[in-house]
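Undergrad: Take a look and give me a structure for this.
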Amino acid sequence: MRSLSKSRRGRVSEYRIIRYSPWLVHFNTGACNGCDIEVLAAITPTYDPERFGVKLAPSIRHGDILVVTGAVTKKAAERLKILYEQMPCPKFVIAVGACAIDGGVFSKSYSVVGGADRVVPVTIYVPGCPPRPEAILDGIVKLLELVGRGGVERDGCQ
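TA: Down below sits the predicted model:
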C-alpha cells in the first residue's frame, strides 16, 4: 500500500475545507451580461446549489472560488488580478462563457485582453454563450471532485 507523501497529505487536508463549503465570488470583467444572468439563475432555489454546500461569499476575502464572466478588458484585467490576490488560499477560478474563455465576440476589440486565463490561472472552463445554469453547476461540481481527489495544484499559495 502506498502512503501519501507529507506534502500531498498537507495539500489534501487543506482542500478538505473547500470540499465541504465552497464560497463563490462572481466578477464580470466586461460583457453583454448574458452569462451574469445565467450565473444568478444557477444560484437560485430552482437549481439549489446549497445541496453542494455552495454559497455566495459576502467578500472576496471569504471566497474560495472566483467565477469570472465576460471578456477581460484592459481596465478590468488589473482589478481581476487584485481580486485574485486578495482571495485566501486555496483559491480557484472558473471561467464562465465564451467571453471569459477567450474573449468571445469581443476578442478583436482594441480594449480586450482576451480570456481570464491571460490574467489569472483558470481551473475550470464552462463553455457556452451563455452557458446554461446546469452547465455552470456542473463546472462547480467537477471542480469540487478534482479538489476532493487532490487533482488540483495550488495557484499562488504557499
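
Undergrad: mind listing the helices for the protein?
TA: In the chain, the helices defined using DSSP state H lie at 6-20, 34-42, 74-86, 98-102, 133-149.

Undergrad: quick one: which of those is nearest residue 68?
TA: Closest approach to residue 68 among the helices of the chain (C-beta to C-beta): helix 98-102, 4.9 Å. From N, CA and C alone the C-beta is placed, and that goes for glycine too.

Undergrad: what comes up buried for the closest one?
TA: 98-102 (16 or more other C-beta atoms under 10 Å).

Undergrad: what's the closest of those to residue 45?
TA: When these are ranked by distance to residue 45 (C-beta to C-beta), residue 100 comes first, at 25.2 Å.

Undergrad: still on that earlier bit, tell me which of the buried residues of helix 98-102 is nearest to residue 42?
TA: Nearest to residue 42 among those: residue 100, at 14.4 Å, using C-beta to C-beta.

Undergrad: Quick check: that closest one touching residue 114?
TA: No. Checked against C-beta atoms under 8 Å, the pair residue 100 and residue 114 is beyond contact range at 9.8 Å.

Undergrad: Specify which member of the buried residues of helix 98-102 is nearest to residue 78.
TA: Nearest to residue 78, judged by C-beta to C-beta, of the buried residues of helix 98-102 is residue 100 at 16.6 Å.

Undergrad: got a pLDDT number for that closest one?
TA: In this model, residue 100 is scored at 94, pLDDT.

Undergrad: Could you check how far it is from residue 112?
TA: For residue 100, the distance to residue 112 equals 11 Å [C-beta to C-beta, to the nearest Å].

Undergrad: Show me where this structure dips below the pLDDT cut-off.
TA: 1-20, 151, 153-158 (pLDDT under 70).

Undergrad: Let's see that with 90 instead.
TA: Along the chain, segments meeting pLDDT under 90 span 1-23, 30-33, 44-45, 47-59, 62, 88-90, 103-108, 141, 144-158.

Undergrad: ok, back up a step: could you name every residue contacting both of residue 100 and residue 114?
TA: Here residue 100 and residue 114 have 71-72 as joint contacts, going by C-beta atoms under 8 Å, 6 or more residues apart in numbering.

Undergrad: on that earlier part again, with distance to residue 35 as added columns, please give the buried residues of helix 98-102 in CSV.
TA: Shown next, in CSV, are these (distance: C-beta to C-beta, whole Å):
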residue, distance to residue 35
98, 9
99, 7
100, 7
101, 10
102, 13
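
Undergrad: And the residues you listed, which is closest to residue 63?
TA: Using C-beta to C-beta, residue 100 comes nearest to residue 63 of those, at 16.4 Å.
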